[in-house]
Every structure is written in structure tokens, then in C-alpha cells.
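*Asks:* Here's a sequence, model it:
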Amino acid sequence: MKKYLKFLPLLALGFVSCEPELDNPIDEAGFYTNGEADFTNYVALGNSLTAGYADDALYITGQENSYPNIMAQQFSLVQETGAFTQPLMADNAGGLLMGGNQITDNRLVLAVGASGPFPKIYAGMAPTTDITNHLSGPFNNMGVSGAKSFYLVTPGYGNLAGVKVGTANPYFTRFASSPQATILDDAVAQNPTFFSLQAGENDVMNYATTGGIGVDQTGNTDVTTYGYHDITDPQVFKSTYSNIVSKMVGKGAGGVLLSIPDLTSVPFLTLVPFNPLTKLSLGSGDEATGIATINALNAQLYGPLNAALTAFGAGERINLLSTTASSNPLLIKDESLTDLSAQLTAAFTPSLGVEKATFYGSVFGQARQAKATDLVLLTTSSIIGTAPAGIPAPLDKFGITYPLQDEHVLIQSEIQAVAVATASYNATIKDLAQEYGLAFADFNALMAQLGNGGIPYDAGTLTSEFVTGGAVSLDAFHGTPRGYAAMANLILDAVNQKYNSTVPKVNIGDYGTVTLSNEVE
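*Replies:* Numbers count the residues shown, from 1 in each chain. Got it, this is the predicted structure:
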């Protein structure tokens, strides 16, 4: 996905170093102990966060700095362990090929131009990772980007023939042991002595990061009816997750389970304000023109809409834009509102005629101005003020004269659906950790800390602030190497506490953040 961050306050961003800042050497290995844990054969099972996905792509540097790989390096300091293998991409471009044709974009980098720094797609090298080139395993890092919880136990998820029809995952097809093998099968087959499990983010993330266009499937346990953007039923999650843990424990393996963060707190859903419309933006950079534009909108659109909606008892939906306030709210569609299309059509017919009034009624029947409780997607920033396909003037400006649609904004009812599912998933994860005597790493608490003061280290403070905070990569969701190092430390703390081990943590300042490059599309 292209992410050109229009309307966002990025001009004041400082440059972020990608090199280690300080070096705190680890003490001698003999000082540490594995306690009651056996790290001899560590297997990590999970999704894109487990794989080391970053900057909207999977690439070698991200994989080398995945939290499982960082943990495996630390495990080797307390015990003799086997090599921790990963299904590495072929390059640092990040794009995927299928039979020579590119099927996913390259990674994002931070490009610096006349307008300031912006994330853009890297064009400094062509991708060379072709999913038809199968890798020989087994692999200790079984993180598969895009995998929902039940995909970990779905046969055929690694079948190359299913990629084009959407039944298989292009990342897993690269290293599945057979076309019908499940991710869980391939993990269990390695007889792990220790494992980590991170699953569930995609069960709600695909809904949250697409504005809630999917369906909350709570109450429906038939996953064959699910769409990719749906929320997984909590009972399905519980059954699936329980099955995974039971099989991973196997012959006495120890392990750690990770909770799911509050996905509505990540920069992807918090960076774009609900009210970015200013006199300057509305007037194309000229304040006087901006005020005139607001006045014209009030006279021709917002005023008549407010008057009509007021007559139907819904005047709070749309108010006049302010010529004095520093910002004005976006215009959005809220599918949870009573549809007043027919009433608006009737009200506008005398002045606009039947055809045009019907069109206006359909456009604004569930329209309202955004509120602080709404979350605007990061990708929406690039379309604000642009012309919707096929929409004539004067309604030809997204978010201003034409409502942003369901896929552009997460409204309060959708945010609540995400929150309820996440809380249920986390209760399941914590209960199973207790039931099986496993460590529990509260990733949700870590993300909350990153968003509320951050994590201090000897070269600064790590936060989830976009770009400058250091923890979150340019896709505004996944981690940077430094962010993944913080995750590794969180997990190592939980492991040490549960298993009476003393695995040393890493210095997060030794890890990089985002990459600067002007070799972009």
C-alpha cells in the first residue's frame, strides 16, 4: 500500500539513526543459567510480528532482527542450543514475485524531499524473492505474515496452487513442508523444547485496519463462511488457540504466550486527526481563499444539509464549518446511523429536481462530521480532498464535500467490536498460560507503555510515536528492529520469572529504527 502522508505534521520530524547508538557488552555466558527451561530447540509460532515483518514488507534485515531471532541469540548465552533457522527472503527489497511477476510492493523507506520526510516505496533494488522457489526446512521461525489464528491449523495454507485464488499464503508456500501441511504441523514436527506463540492480532487487525468493512463473526463458529476482514468468533479463537498450545507443549516443552495489543492505539489508527481541515488546506494554501471556500461550502452544502437534517431531528450530524477555528472535522459516512436518504431526497427535490435530489439523498443519508471518538486510517490521508471516481462537482472532494466511506474510518461501534474481541482473546491466552504452566508476556501492556511515556534506555526513550518514537516501523503498525528488541526483552522478563532463568536482556539502543533513502517510486 502506498502511504503518502498528506495533511500530517511530519515536517518537523528529526532524522532517526539506523545504526547502533551504544554498545553494552554481555557478561560472560557462564554467569547466566537457563533455570527450569530447556532452550535447546526453540520454535517460534505466529504471524507477521513473529516473522519480523516491518515497513509494510518482509525483508532480510527485518527477519534478522525479529524478536524470536533476538531471543534465540540470548538463549545461546545460557545454554548450548541448535541453530535458529528462518525462511529468509532473498533480499532487502521486500517485494514478492510469483513466476517472475511482482505480487506485493517493496518495503517502505523514509524519503526526504522539499516538503519534508515521507514514507515511500523503495525502488533502490528489484525484488528477487519468488514464491515458486521453495525453501528446504525445517525452520525455527514459523511466523507467517497475514496468518489468523485458525490459519495456523488450516491444511493447504501453504499450497502454491491456492495463492491466486486466495486460499493459500504466499509467505508460507515458500517453506511449507508439503502443500497440505499446516503451520502447526511443521512447528510440532521439530519437537521443540521451548516455544513462543503469538496469534490473534490478524483476527481483529484485518477488520480494524480496513475501517471495519468486514463482519464481526461473534456467534458464528463456521470459519468457512468468514471473509478475510472479519473478526474471528471468540469461541473459535479459544478452541483453535487451545489446540495449538496443547500440541506445542508436546512432550513437556516449555513456552511463552503473548497477549494481543489494543490495535486501535497504534499509529495506523491514531496519526490522522478527525479534524484536519484548515483554512489553508481548504483554500489550497491561501488563507483568504480558504475562508472564502469555507463560506461557499456553508452556503451551498453544509448550511442546506444542516437545515434539512434539523427538520428531521438530526441537525447534530452536520454543522457549519468554522472560518475562525484552527481545524474542522472530516465528513464521513456512518453506517450505524438511521438512513435519511428518502427524507433528504424529498426535501431537496423542489430545488434540485428528482434526479439530483435522489443522488444527494443517497450520498448524505448516513453522513455526519467526524468526532474525536472516530479513528481515521493512515491510508485515508492520501485521499482526503481528492475526487471520488465518478462523482461530479461540487461533491468531488473526499472528506470535505463527499463523505469518507466505511473503509476509510473506524467508527465507535466498530472500535467497540475490536475491543470486545481483543479482551476475550487475551483472557483465553492468559488462562491457557496458567493452565499449562507457561510464561505469559503481556504485549498489550508493552504497547500501552510505549504510547504513554515510553521505555527509557541509555540513549533515550523508546515510544510508539510515528517515525520519531523508534518503536514502530513505517507501516505504522509493525516494529522496527528497536521495537522488536523491546518485545524480546518483555518476553525474556516473563520467561526468566516463570522458569527461574537468568537469560540476559539486550540493549535496545543497539538496534536500528527506520531507513532513510531517496531511491523511491
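*Asks:* Can you report how many residues lie near the residue nearest to Asp91 when sequence neighbours are not counted?
*Replies:* Beyond its immediate neighbours in the sequence, the residue positioned closest to Asp91 (C-beta to C-beta, 6 or more residues apart in numbering) is Thr128, lying 5.0 Å away. Where C-beta positions appear, they are placed from N, C-alpha and C, glycine not excepted. A count of neighbours around Thr128, defined by other C-beta atoms under 10 Å, yields 12.
*Asks:* tell me the contacts of Thr128?
*Replies:* By C-beta atoms under 8 Å, 6 or more residues apart in numbering, the contact list for Thr128 reads Ala90, Asp91, Ala93, Leu97.
*Asks:* Specify the local secondary structure of Asn133.
*Replies:* coil (DSSP: H, G, I helix; E, B strand; the rest coil).
*Asks:* Surely it is in contact with Phe175?
*Replies:* No. With contact taken as C-beta atoms under 8 Å, Asn133 and Phe175 are classed as non-touching, separated by 10.4 Å.
*Asks:* Which residue of those two possesses the greater neighbour count?
*Replies:* Each of Asn133 and Phe175 had its neighbours counted (other C-beta under 10 Å), and the higher figure belongs to Phe175 (24 against 10).
*Asks:* show me what contacts the more buried one?
*Replies:* Pro87, His134, Leu135, Gly137, Phe139, Gly158.
*Asks:* Disregarding flanking residues, what is the spatial nearest neighbour of Ser246?
*Replies:* Tyr436 (7.9 Å).
*Asks:* Could you pull up the residues touching that neighbour?
*Replies:* Val245, Ser246, Val249, Gly255.
*Asks:* Confirm that the second one lies within a helix, as I assumed.
*Replies:* Yes. According to three-state DSSP, Ser246 belongs to a helix.
*Asks:* Could you report the pLDDT at it?
*Replies:* In this model, Ser246 is scored at 98, pLDDT.
*Asks:* burial count for it?
*Replies:* Other residues lying near Ser246 total 12 when counted by other C-beta under 10 Å.
*Asks:* Downstream of the worst-scoring helix or strand of the chain on mean pLDDT, the next helix or strand is which one?
*Replies:* Taking mean pLDDT, DSSP states H and E as the measure, the chain has helix 279-282 as its least confident helix or strand, at a mean of 89. Under the assignment DSSP states H and E, the closest C-terminal helix or strand after helix 279-282 is helix 287-297.
*Asks:* Give me the distance from that following helix to the chain's centre.
*Replies:* 37 Å (C-alpha atoms, centre = their mean, to the nearest Å).
*Asks:* which other residues reach that helix?
*Replies:* Residues outside helix 287-297 that contact it (C-beta under 8 Å, 6+ apart): 278-284, 321-323, 328, 400-401.
*Asks:* List the buried residues in that helix.
*Replies:* By neighbour count on 16 or more other C-beta atoms under 10 Å, the buried set for helix 287-297 is Gly290, Thr293, Ile294, Leu297.
*Asks:* I would like the residues contacting stretch 482-495, please.
*Replies:* By C-beta under 8 Å, 6+ apart, the list of residues contacting stretch 482-495 from outside reads 37, 49, 52, 54, 65-67, 70-71, 74, 196, 256, 258, 439-443, 446, 450, 455, 462, 470-473, 479, 501, 503-513.
*Asks:* same thing but at 6 Å, please
*Replies:* The set of residues that contact stretch 482-495 without belonging to it, under C-beta atoms under 6 Å, 6 or more residues apart in numbering, is 65-67, 70-71, 256, 439, 441, 446, 455, 462, 470-471, 503, 505-506, 508, 511, 513.
*Asks:* Which of those fall in helices?
*Replies:* Mapping these onto helices (DSSP state H) picks out Tyr67, Ile70, Met71, Leu446.
*Asks:* Same list (those) but as a markdown table, adding distance to Gln416 and neighbour count.
*Replies:* Conversion of the ones in helices among the contacts of stretch 482-495 to a markdown table gives the following (distance: C-beta to C-beta, whole Å; neighbours: other C-beta atoms under 10 Å):
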| residue | distance to Gln416 | neighbour count |
| --- | --- | --- |
| Tyr67 | 30 | 31 |
| Ile70 | 35 | 26 |
| Met71 | 34 | 26 |
| Leu446 | 23 | 22 |
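*Asks:* Same list (these) but as CSV, adding pLDDT and distance to Gly212.
*Replies:* Below are the ones in helices among the contacts of stretch 482-495 laid out as CSV (pLDDT from 0 to 100; distance: C-beta to C-beta, whole Å):
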residue, pLDDT, distance to Gly212
Tyr67, 98, 29
Ile70, 98, 34
Met71, 98, 34
Leu446, 97, 25
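*Asks:* which one of those residues sits closest to Asn202?
*Replies:* Out of the ones in helices among the contacts of stretch 482-495, the one with the shortest distance to Asn202 is Tyr67. That distance is 16.9 Å, counting by C-beta to C-beta.
*Asks:* ok, now which ones touch that closest one?
*Replies:* With contacts defined as C-beta under 6 Å, 6+ apart, Tyr67 is in contact with Tyr484, Met487, Ala488.
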